[in-house]
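*Asks:* Structure for this input, please:
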Amino acid sequence: MISFDRILFPVDFSEQCRAIAPAVQALAEQFHSKITVLHVVDLPIAWFGTPEAAAWSALINTGHLREEHQIALNRFVEKHFSRVPADLALEEGEAGRLIADYANDVETNLIMMPTRGYGPFRAFLLGSVTAKVLHDAHCPVWTSAHAERFTPGTTRWSQVLCALDTDPRDTAVLKWAAELACASTAGGPPINLRLVHAAEGASNRESDPGLCQFLFKVARERMAEMQSEAGTSFEVCFLPGNAGHAVRQAAIGHNADLIVIGRGVLQKMLGRLRSNAYSIIRQAPCPVISI
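*Replies:* You can find the predicted model right below:
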C-alpha cells in the first residue's frame, strides 16, 4: 500500500513555492506525513572560479549569510505550516544535487516542488533544479507547472489520469497509480482513474489511415495485457500526437486533478527520465506525480 510517511518540500521562497505550500500541508494531513522543509543556500559563483575570484569570496560573511537564510526559513514555515508540524533543514551547495541526495539519504517517500524557481535557468523547459531532482531522485516527485496559479484547498483527487507507454516497465506505473487511487479514497470520495496512451505515429490519420489503425490496434492490445497483469480494468483513452500535447488534452477533457507518469530507468543521456516526461510535466494543466 502506498504511503507518504516522509514528504520533502524544497523551498527557495519564490512565489511558486508559496503557492504550493497549502497542497503540501493538505497532503500531509491526509496521509499523516512527516514534512521536512529544506532550503539550500546557493554558494556564490565566485567560489567555483579562479583563485583570484576565490579570494574575493573570502570577503563574504558566510556565517551571516547562513543566519539570514535560516531566519527566512523559520518565517516561511511559521507562515505556511500552522496546522502540520514541519522539520527544517538548511544545506549549502548546488540545490538540485543536494535535494536529491537528501531525499535519498533519509528515505523520503515523496518530493513536492514547482517546476520552476527564480534561478538563472528560468528560460529552460523546466527549472534546472527541478530537472536535476527528477533525474536523480529515487522516490516519486510531485510537480506543478503552473504553481503561481495553483490554489488548492485539498489534495483529495477525484479525477486522476495515468499516462502509459507500451513499455513493459509501465505496468509498474499502472499498479502504483491503482494503489494511489485506493490510498487516496480511504476516508474520502471515490477516485475515477483513467489511463491515457499517446500514439505519436498516428498523428496524421489522413495520409496513412492504415498505419494509424495498426498503431492503435497494437496499443489497445498492449494496454489490455498490462491491465491483465496489473489486475485492473480502467478506461483507456487513446489519442494521436505527441505525449505532452495528448496528455494535456486528455487532462483538460476529463478535468483531471492529477496525472501519474513514469520516469523510467533508461541508461541513456536522460538517465532515469524518459524522453516524454519533460513534455508532459511542462504542458500539464494540473499537478503531476512521476515515479
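*Asks:* Now do the helices in the chain.
*Replies:* Taking DSSP state H to define them, one finds helices in the chain at 15-31, 51-57, 62-80, 95-105, 128-136, 170-185, 209-230, 243-253, 277-283.
*Asks:* Other residues contacting the longest one?
*Replies:* The set of residues that contact helix 209-230 without belonging to it, under C-beta atoms under 8 Å, 6 or more residues apart in numbering, is 164, 166, 168, 170-171, 174-175, 178, 195, 197, 199, 201-202, 204-205, 233-234, 236, 238, 240. From N, CA and C alone the C-beta is placed, and that goes for glycine too.
*Asks:* Just the buried subset of those residues, written out for ChimeraX, thanks.
*Replies:* Buried residues within these, by 16 or more other C-beta atoms under 10 Å, are selected in ChimeraX with:
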select :164,170,171,174,175,178,195,197,199,202,234,236,238,240
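*Asks:* Show only the entries of the contacts of helix 209-230 found in strands.
*Replies:* Using DSSP state E, the subset of the contacts of helix 209-230 located in strands is 195, 197, 199, 236, 238, 240.
*Asks:* Spatially, which two of the residues you listed are the most separated?
*Replies:* Within the ones in strands among the contacts of helix 209-230, 195 and 240 form the most distant pair, 15.9 Å apart (C-beta to C-beta).
*Asks:* For residue 13, grab phi and psi.
*Replies:* With angles defined as degrees, to the nearest 10, residue 13 sits at phi 70, psi 20.
*Asks:* now swap in residue 32 and tell me
*Replies:* When read as degrees, to the nearest 10, the backbone of residue 32 gives phi 50, psi 50.
*Asks:* what's around it, how many residues?
*Replies:* 10 (other C-beta atoms under 10 Å).
*Asks:* Same check on residue 133?
*Replies:* With other C-beta under 10 Å as criterion, residue 133 counts 24.
*Asks:* do you know how far it is from residue 12?
*Replies:* The gap separating residue 133 from residue 12 is 12 Å, by C-beta to C-beta, to the nearest Å.
*Asks:* follow-up on the earlier one: report the lowest-confidence entry in the ones in strands among the contacts of helix 209-230.
*Replies:* Ranked by pLDDT, these bottom out at residue 199 (84).
*Asks:* nearest spatial neighbour of that one, skipping sequence neighbours?
*Replies:* residue 215 (4.7 Å; C-beta to C-beta, 6 or more residues apart in numbering).
*Asks:* ok, now residue 174?
*Replies:* Using C-beta to C-beta, 6+ apart and skipping the chain neighbours, the partner closest in space to residue 174 is residue 230 (4.7 Å).
*Asks:* ok so, going back, tell me how many other residues crowd the residue nearest to residue 199.
*Replies:* Residue 215 has 19 nearby residues by other C-beta under 10 Å.
*Asks:* same thing with residue 23?
*Replies:* By other C-beta under 10 Å, neighbour count at residue 23 equals 21.
*Asks:* For the closest residue in space to residue 168 that isn't next to it in sequence, give me the pLDDT.
*Replies:* Sequence neighbours aside, residue 226 is the residue nearest to residue 168 in space, at 7.9 Å (criterion: C-beta to C-beta, 6+ apart). On the pLDDT scale, residue 226 is placed at 96.
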